[in-house]
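Visitor: When you get a sec, could you give me coordinates for this:
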Amino acid sequence: MKKAVMLSVATLLAVSTMATQAQDNAAKPAEATAAATTEAAPATDAQAPATDAAAPADAAATDAQPADAAAPAPAKPAEEAPKDSPQVAKLVAAYPKLIARIEPVGKVCFDGEECDIKITALPPAVEGQARAGDVLYQAICSSCHDAGLIGAPKVGDKGAWGPRIGKGKETLYNHAINGFNSMPARGGSPDLSDDEVKNAVDYMIGQSS
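Guide: Residues are numbered from 1 along each chain as shown. Sure, this is the predicted structure:
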């Protein structure tokens, strides 16, 4: 009886030992697999910096493309100004005053812009008092008589004024008040009195005698 019990105990111990060894053997491959997985993870992480490092290079290449696209186009050669034909050149040579005759007779100036036109404001009229001839000339008559436009004799040109002065002041007064050739009546200022027109004529005569 004792022998049978001893054999049973021995058998149980042997079976228990074998089961324990089997469990240990089964746990070792699992640990090895986990260790292999853990070692593989850093390799994956190591690939990330490489990807991140490649990103700036791609961005730099992308940024470089607009610079090439925005490169300025080569400048076009300046076009030469058109030259006068031989016929026009001969015409200008034959009539040297032709260009001056066909130039514009006036200029347009806008408020706030620089302009080479001299503008003199005419002071308001005072009842019973004629304005001075020099003031009237600067504000009205000078626009034509300073440059000799549309046939107006230039003030100071004694050769142009001599024959006119020879006709007498009354004739010049009449032409200035009523208009003559291209000159409008009263120099284009209908509010001027007869005495004021005469003052302007007297001033021009005095400057051109």
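Visitor: where does the chain dip in pLDDT?
Guide: 1-72, 105-106, 116-120 (pLDDT under 70).
Visitor: Tell me which stretches of it form helices.
Guide: 2-69, 86-94, 98-101, 133-136, 142-145, 158-166, 169-178, 194-208 (DSSP state H).
Visitor: what's next to the fourth one, contact-wise?
Guide: Translated: helix 133-136. Residues external to helix 133-136 that are found in contact with it (C-beta atoms under 8 Å, 6 or more residues apart in numbering): 120, 122-123, 192, 196-197, 199-204. Placement of C-beta: from N, CA and C, glycine included.
Visitor: residues touching residue 170, list them.
Guide: Contacts of residue 170 by C-beta under 8 Å, 6+ apart: none found.
Visitor: picking that back up, filter the contacts of helix 133-136 to the buried ones?
Guide: Buried subset of these (neighbour count, 16 or more other C-beta atoms under 10 Å): 192, 196-197, 199-204.
Visitor: Pick out whichever of these sits closest to residue 96.
Guide: Using C-beta to C-beta, residue 204 is the member of those that lies nearest residue 96, at 27.6 Å.
Visitor: List the contacts of the closest one.
Guide: 133, 137, 141, 145, 155, 161.
Visitor: Need the residues you listed in CSV (columns: distance to residue 169).
Guide: Rendered in CSV, the data for the contacts of residue 204 read as follows (distance: C-beta to C-beta, whole Å):
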residue, distance to residue 169
133, 13
137, 16
141, 16
145, 17
155, 16
161, 12
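Visitor: Closest to residue 188 out of those residues?
Guide: residue 141 (9.7 Å).
Visitor: Quick check: the closest one touching residue 200?
Guide: Yes - look at residue 141 against residue 200 with C-beta atoms under 8 Å: they come within range, at 5.6 Å.
Visitor: Overlap in contacts, those two.
Guide: Counting by C-beta under 8 Å, 6+ apart, the residues touching both residue 141 and residue 200 are residue 187.
Visitor: before we move on, back to that, reformat the contacts of helix 133-136 as TSV; add distance to residue 174.
Guide: Listed next are the contacts of helix 133-136 as TSV, based on distance: C-beta to C-beta, whole Å:
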residue	distance to residue 174
120	26
122	23
123	26
192	15
196	15
197	10
199	15
200	14
201	10
202	14
203	17
204	15
